[in-house]
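*Asks:* have a look; sequence and predicted model below, questions after that.
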Amino acid sequence: MKSRLEEDRELVELTQTGDSRAFETLMRRYSPPLTRYLHRFMRDPHDIEDVIQETFIKAYLAINRFRSDSTFSTWIVSIGTNAAKDSLALRQRQGLGLNSMGDDDDDSKTMMEAGADLDTPESRLETKEALALLEAALETLPEEQRISFELRELDGLSYSEIGAQMHVPVGTVRSRIHRARVMLAAALRAH
């Protein structure tokens, strides 16, 4: 019998070869505990849902950069933690005064202890639909936004590197990436 770590490693490898069903399994497995983990820092269910969506979008787009020297649970918690910190920082700048997130050295352990997998037909369908919607939404982005977004999220380039590569100012890069994120999040939220 395979351990969860071995199963995760296989699912990541399958996802890296283009098997979206493998990523759906990872989403079903880690969405509930990641949601419970984020609830420690964020109270609004809509904000948590947005961060979860952003986390899995980023993970899906960067899955080819994942290396098995860390566990998927650690990696997804790291992405989720950063997305939540970004969200909280934005809200604080907007004057909404949410709690700030602390750094927890044992994020992945806490997340894994948070609860069981919710593997239902409804959640599988929702996950499959969300992935299809994400892929479709990426294709509908204006070319400049899509390229900027992919260079940032897939290739991990800095804003200045993207600006140099695309021959545009850093502010333009930031704007394009922001608009791409807003459009992707709106497409997922509307669904």
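*Replies:* Right, received. Where do you want to start? Numbering: from 1, shown residues only.
*Asks:* could you chop this protein up by domain?
*Replies:* 4-124, 141-191 (automatic domain parsing).
*Asks:* flag whichever of those domains has the least confidence on average.
*Replies:* Mean pLDDT per stretch puts domain 4-124 lowest among these, at a mean of 76.
*Asks:* please report how far the most centrally placed residue in the chain lies from Pro169.
*Replies:* Nearest residue to the geometric centre of the chain (CA atoms, centre = their mean): Thr55, 1.7 Å. According to CB to CB, to the nearest Å, Thr55 stands 29 Å off from Pro169. From N, CA and C alone the C-beta is placed, and that goes for glycine too.
*Asks:* one more: Tyr30?
*Replies:* Using CB to CB, we find Tyr30 at a distance of 37 Å from Pro169.
*Asks:* give me the contact list for stretch 145-155.
*Replies:* For stretch 145-155, the external contacting residues (CB atoms under 8 Å, 6 or more residues apart in numbering) are 57-58, 61-62, 64-65, 138-139, 141, 157, 159, 161-162, 165-166, 173, 176-177, 179-181, 183-184.
*Asks:* ok, Tyr30 and Pro169, which is more surrounded?
*Replies:* Tyr30 (25 against 12; other CB atoms under 10 Å).
*Asks:* separation between that one and Leu11?
*Replies:* 10 Å.
*Asks:* anything in contact with each of these two?
*Replies:* Phe72.
*Asks:* can you give me the helices in this protein?
*Replies:* 4-16, 20-38, 45-62, 72-93, 107-113, 121-140, 143-153, 159-166, 170-190 (DSSP state H).
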